[in-house]
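> Structure, please.
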Amino acid sequence: MEADSKWQPELIDLSQVNGAFSFEEGYSRPDWQVISQAIQQRITGPDDLNTAWTEAARQWVMQLQSDLGGDYQVKDSPQFILLTALDADLSGELLDFAERTLDQIRAGLKDAAWNSGHGKHVILLFLEEDDYYQYVSYFHRDGTHPTSGGCLIYKGYVHIAAPYEPFGLRQMLAHELSHNCVVHLKRSG
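Take a look at the predicted model:
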């Protein structure tokens, strides 16, 4: 399902939150602490919390869409927000795959699977490898920029970022979704 370009948030409008975004290393970077505080101040009912976080995530992804320009679109499914330049058929297939895979991983992990209940999962699929590496370099220490076919970013709003590679895309996504489901477990080293 394609996101409506005229979509407006109902619970949290980040354009009204001072300091919600800065522009660094070529992209709009959300300040998730500022956004979290704004959500906590505005949302009183637990039922609205997931919706507010989904709205915040969608606004962030729409800002990235604007930063990237070109043919990028924001697509939605029940559990995911996808930023991609893929056509509607391919992005729909990818979202269907992500939905099924996440359900299978959670079924296997049962209660051990992480489920924050705070917004949809986000997948950023970059058309150009250079755009991908520019995006992820922000999250790595100076001088360490490992090559990868995709990664789960733990800082801020946990999300998957990947360069578009038609061969191995599903395997990468399944791998990163597995990481996503165990992100809450203590990592060593």
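
> Quick check on the residue nearest the centre of the chain: phi, psi?
By CA atoms, centre = their mean, the chain has its centre lying nearest to residue 122, at 2.2 Å. As for residue 122, its main-chain torsions (degrees, to the nearest 10) stand at phi -120, psi 130.

> Any idea what it is bridged to?
residue 81 (DSSP bridges).

> Going forward, count from 2.
OK, 2 is where the count begins now, so the last one is residue 123.

> Do you know the pLDDT at residue 184?
Residue 184 carries a pLDDT value of 61.

> ok, back up a step: if I read this right, the residue nearest to the centre of the chain contacts residue 157, doesn't it?
No: using CB atoms under 8 Å, residue 123 makes no contact with residue 157, being 10.4 Å away. Heads up, the C-betas are built off the backbone N, CA and C, glycines and all.

> Which elements pack onto the helix or strand of the chain with the lowest mean pLDDT?
Taking mean pLDDT, DSSP states H and E as the measure, the helix or strand of the chain with the lowest value is helix 170-182, at a mean of 84. Helix 170-182 sits against helix 89-110, strand 122-127, strand 152-154, strand 160-164, with contacts defined as 3 or more CB pairs under 8 Å, 6 or more residues apart in numbering; DSSP states H and E.

> Might you report the residue contacts of residue 100?
Going by CB atoms under 8 Å, 6 or more residues apart in numbering, residue 100 touches 78-81.

> helices or strands up against the helix or strand harbouring residue 63?
Assessed by DSSP states H and E, residue 63 sits inside helix 47-69. Judged by 3+ CB pairs under 8 Å, 6+ apart, helix 47-69 is in contact with strand 28-31, helix 33-43, strand 74-77, strand 81-85, strand 122-127.
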